[in-house]
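> only geometry, no sequence info:
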């Protein structure tokens, strides 16, 4: 490559939809960004990438991996080339996300209420009532504003035509939002020349929005509610995000041992004695929240918390038992769930999904294994999945046996040709696959953070964007 | 005053963060000065003194046969099994800082993170006697940078008072230990008082506390054990003297009580008052006569008592 060559010369999007090149063909701001990017010498881009990496590491914007002897801090690899969404694209996404969140909340309210959707046979009762995340304690308990999923992350991908589709809903404790904001901070410091004169929607108000939503759901008789963030503690791999959110909201970062329930009221232990707590943003899984109700061995939770919640003395976000709605099998029913509660067509399409629990779905999956992606229902983080077109004969055969042994544990989907984005690799810009996780906050109503977390599969050809599997992230710009 | 609430657990972590950072700095000072003065003298007992000063004779001699430059530096710099080594103190400080990240400034955390990563990356060769002076300079400076960044960026609410309580408790304790061990090594027998002195050893003691030049200004033509001990324990203006630390402790504890209306400071304040009286109401000569070591033991016990009283008031489980 020539020293003064254009960084995008020789860029090959490889038959996929490219977030920058295909966008630039349609939008002048994207064209400007592409031109500016192309004018940067490769060495300069690499120099800035090195600075970014060192800064992330030094500032401790890291997740910790524990081995037997050591705690190793790792950064989520950061790619400097932003992923840019036009105002029109974002408009569709935002409406689609809001619709999806509204449907998820209505669905949960129904499941823990009258269960009409089950009685009407739209969703099989067995799928819900037998689900490990279905929480019997929630039945008949009306949560404030009908909001169960206060923070929702919806994973969206783009196919080769550029159409957005939802790949997965995350309604439990979705993570990654801290990277959205830190990535933006990094870009402002490192790439002011790329952003100059381009109006990008800000992301800095996330903490205030979340705080407001928590105030929305706090007991209504409290004028100035005390909010806290409940974390499993410093050894949790997402601890940085907990710090980040507590700081952005200006609230104490507590652990279970800091809280105590007396007379169905929640207090935290402070230097001034016990102080009341009115709303809890918890980053602790359901199982660990309250040893009275869930795992009796949990030392991370707070005894009596759920009862205090049920009596309306404290609010908990997200609600308990939301895992039944973001299940990979339930996902297949989401278009029907949206129509059932909202009477609307889904704004964002689902990926066609075959349930292996059903005889037809299993037969289809077994017949077309080499062209499908098969995912275990209960896993996350990109673990345990099979990408048919990339698998060897041996892997296909092994997986076939696994499928037959426990079909209900799997769903299958066609391989989506995920869109790509130019990404710095070996001193050049190469096409790498990306997805997008927008974050929606819901108290009284829903607000969607402009953009979201763009994850990028840094390995050539890889479709797995999870940080545990060699994924990184990019700043996501939404143009005004 | 008043201001936001502070979790009991965070108050405890603030005290410990400050204590560990202060401890690292003091240990680096002692190792540095020991290295400088022992290297040039025939007497190698200075290394053993470091072990005594920290009351580590038992674990140290279980591991090493003799206190030499190599064994003492190994034990106090990078030995992870020694809870009093600089590496162990660093890891503990970092853990506290990690817990406190939602509270402390990002500058404080970043400096701490970079510092602790550098300490964690040190190899045995970096702790060799020939490099110890440079290493100690680095450690001291990093601790001072921490203190400066903290002074300049940490929000002044009750958290700051807890931090300062940790800092001055540790500093007072370290200075008292420094005086204790040096004084006894240098003057094994009461009859030696007034006898010929190895002045360079007194230099070492004062330099370890960064007090040499101030002492010289105060006493241009004298250098007696009583003056040095008196300076390190009772001087009102020297930032590492025990009495100055005690006065600072009184200020911050009173602030917790009156400024932040926290209850339970009284037992700690009572002990501090006793300590201050003992340091101010008698000349150093009277202390020496009755036995400096016993007095310093009592000082350390009082300081422990203050820490325990603070713990009891603010973070002990009910």
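Ah, there it is. All of these numbers come straight from a predicted model, not from anything done at the bench. Numbers count the residues shown, from 1 in each chain, chains lettered A, B, ... in the order given.
> and the host helix or strand of residue A:45, what does it pack onto?
Using DSSP states H and E, residue A:45 sits in helix A:42-58. Packing partners of helix A:42-58 (3 or more Cβ pairs under 8 Å, 6 or more residues apart in numbering or on different chains; DSSP states H and E): strand A:71-75, strand A:78-85, helix A:177-190, strand A:420-425, helix B:106-120. The C-beta positions use only the backbone N, C-alpha and C, and glycine is treated the same way.
> So which of these has the densest surroundings on average?
Greatest average neighbour count among the helices and strands packed on helix A:42-58 goes to strand A:78-85 (a mean of 25), per mean count of other Cβ atoms under 10 Å in any protein chain shown.
> Following element in sequence after it, please.
Following strand A:78-85 in sequence order, the next helix or strand is helix A:87-111 (DSSP H and E).
> tell me the angle of that following helix relative to strand A:78-85?
Interaxial angle, helix A:87-111 versus strand A:78-85 (axes from the mean of the first three to the mean of the last three Cα atoms, to 10 degrees): 90 degrees.
> Just the buried positions in helix A:87-111, please.
Of the residues in helix A:87-111, A:89-90, A:93-94, A:96-111 count as buried by neighbour count, 16 or more other Cβ atoms under 10 Å in any protein chain shown.
> now the helix holding residue A:45, how far from the centre of its chain.
Offset of helix A:42-58 from its chain centre (Cα atoms, centre = their mean, to the nearest Å): 26 Å.
> pLDDT on it, on average?
Averaging pLDDT along helix A:42-58 gives 94.
> and if you look at stretch A:280-299?
Mean pLDDT, stretch A:280-299: 89.
> For that stretch, list every residue counted as buried.
A:280-291, A:293-294, A:298.
> Can you pick out the most distant pair from those?
A:281 and A:291 (20.2 Å; Cβ to Cβ).
> Could you point out which of the helices and strands packed on helix A:42-58 sits nearest residue B:221?
Among these, the nearest to residue B:221 by Cβ to Cβ is helix B:106-120 (41.2 Å).
> burial count for residue 221?
Reading this off chain A. By the other Cβ atoms under 10 Å in any protein chain shown criterion, the neighbourhood of residue A:221 contains 8 residues.
> Chain B is the one I meant
5.
> Quick check: the gap between it and residue B:227.
According to Cβ to Cβ, to the nearest Å, residue B:221 stands 11 Å off from residue B:227.
> Find the residue closest to residue A:165 in space, skipping its chain neighbours.
Leaving aside its sequence neighbours, residue A:165 sits nearest to residue A:349 (Cβ to Cβ, 6 or more residues apart in numbering or on different chains; 4.7 Å).
> mind listing what the one you found touches?
Listed by Cβ atoms under 8 Å, 6 or more residues apart in numbering or on different chains, the contact set of residue A:349 reads A:163, A:164, A:165, A:166, A:335.
> any idea which of the residues you listed is closest to residue A:143?
The nearest member of the contacts of residue A:349 to residue A:143, counting by Cβ to Cβ, is residue A:166 at 23.9 Å.
> That closest one and residue A:334 touch, don't they?
Yes: using Cβ atoms under 8 Å, residue A:166 is in contact with residue A:334, at 7.3 Å.
> which residues are common contacts for those two?
Shared contacts of residue A:166 and residue A:334 (Cβ under 8 Å, 6+ apart): A:100, A:350.
> quick one: strands adjacent to the helix or strand of chain A with the lowest mean pLDDT?
In chain A, no helix or strand scores lower on mean pLDDT, DSSP states H and E than strand A:62-66, which sits at a mean of 79. Here strand A:62-66 is paired, per DSSP bridges, with strand A:71-75 (antiparallel).
> What are the contacting residues of the partner strand?
Residues external to strand A:71-75 that are found in contact with it (Cβ under 8 Å, 6+ apart): A:53, A:56, A:57, A:60, A:61, A:62, A:63, A:64, A:65, A:66.
> circling back: which one of the contacts of residue A:349 has the most neighbours?
Taking other Cβ under 10 Å as the neighbour criterion, residue A:166 ranks highest of these with 21 neighbours.
> partner residues bridging that residue?
residue A:156, residue A:350.
> tally of neighbours for residue B:251?
Here the count is done by other Cβ under 10 Å, and residue B:251 has 13 residues near it.
> how's the chain carved up into domains?
In the absence of a named chain, chain A is used. Annotated domains of chain A cover A:90-149+A:204-338, A:352-414 [automatic domain parsing].
> if you could check chain B rather than the one you did, that'd help
Chain B resolves into domains spanning B:7-155, B:162-318 when parsed by automatic domain parsing.
> gap between the shortest one and the chain center?
Using Cα atoms, centre = their mean, the distance from the centre of domain B:7-155 to the centre of the chain it belongs to is 11 Å.
> For that domain, measure first residue to last.
End-to-end distance for domain B:7-155: 15 Å, by Cα to Cα, to the nearest Å.
> and it with chain A, contact?
Yes: Domain B:7-155 reaches chain A (Cβ under 8 Å from any Cβ of the partner chain) through B:7-11, B:95, B:98-99, B:101-102, B:106, B:109-110, B:113-114, B:117.
> about what we covered before: with pLDDT and distance to residue B:34 added, can I get the contacts of residue A:349 in JSON lines?
Formatted as JSON lines, the contacts of residue A:349 follow (pLDDT from 0 to 100; distance: Cβ to Cβ, whole Å):
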{"residue": "A:163", "pLDDT": "94", "distance to residue B:34": "72"}
{"residue": "A:164", "pLDDT": "96", "distance to residue B:34": "68"}
{"residue": "A:165", "pLDDT": "97", "distance to residue B:34": "68"}
{"residue": "A:166", "pLDDT": "97", "distance to residue B:34": "66"}
{"residue": "A:335", "pLDDT": "96", "distance to residue B:34": "75"}
